[in-house]
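Trainee: Please find the sequence and the predicted model below.
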Amino acid sequence: MPEALSRAKAVPLSALAAGSRDPDLVMCFEGVWSDGIYKTYKDFLEGTATLRRFINSKHNEKWLLYCEDCWLFLLALTALLQCKKEVLLATHISPAYIAEIHNILPADTVFFLTTPQHTPINSSIVRDILRHKGDASIFIPPTIYSMILEQQKT
């Protein structure tokens, strides 16, 4: 690992601003350093800006966040906090857990899941279909859908 990266100082999220860092500053890397797959401060600023636009297009105050990728988690959490949203962190996202919390959380809670197999659950349209007892099976993986239906029966 380069000496410059090992000397980098931790900075609180509240202290970050567009001009507070060199845009080329490497914030993280994938695999090993020599692979050359770097995420820079410029990538961070662009990623959080994109997510803020999406978050601000919704009028929901509560967001459930789950992400296995550390970089995406950082972007999503930062953007949600910058938008002054209430963030609910999930420790796992098993089908049983999703089915259980689906009926517990307030109706306006947005699911913000970054794993590809759970992307359909992000949609508030899908949640509306489920809330009104419609058939959302084409949008949701079968194991999760069957568990949600079981939860709705109780």
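Mentor: Received, thanks.
Trainee: surely residue 74 meets residue 43?
Mentor: No: between residue 74 and residue 43 there is no contact under CB atoms under 8 Å: 10.7 Å. For the C-beta atoms, the positions are set from N, CA and C on the backbone; glycine is no exception.
Trainee: end-to-end on stretch 25-32?
Mentor: Taking CA to CA, to the nearest Å, stretch 25-32 runs 17 Å from one end to the other.
Trainee: now that stretch: how far from the chain's centre is it?
Mentor: Put simply, stretch 25-32 sits 20 Å off its chain's centre (CA atoms, centre = their mean, to the nearest Å).
Trainee: And it, what's buried?
Mentor: Across stretch 25-32, burial judged by 16 or more other CB atoms under 10 Å covers 26, 27, 29.
Trainee: from those residues, which has minimum pLDDT?
Mentor: Scanning the buried residues of stretch 25-32 for pLDDT, the low point is residue 29. It has 84.
Trainee: which one is that one nearest to, not counting chain neighbours?
Mentor: Nearest residue to residue 29 in three dimensions, chain neighbours excluded: residue 38, at 5.0 Å (CB to CB, 6 or more residues apart in numbering).
Trainee: What's the local residue count around the one you found?
Mentor: Residue neighbour count, defined by other CB atoms under 10 Å, stands at 15 for residue 38.
Trainee: if I pick it, what's in contact with it?
Mentor: Counting by CB atoms under 8 Å, 6 or more residues apart in numbering, residue 38 touches 26, 28, 29.
Trainee: again, but for residue 29
Mentor: Residues near residue 29 by CB under 8 Å, 6+ apart: 35, 37, 38, 39.
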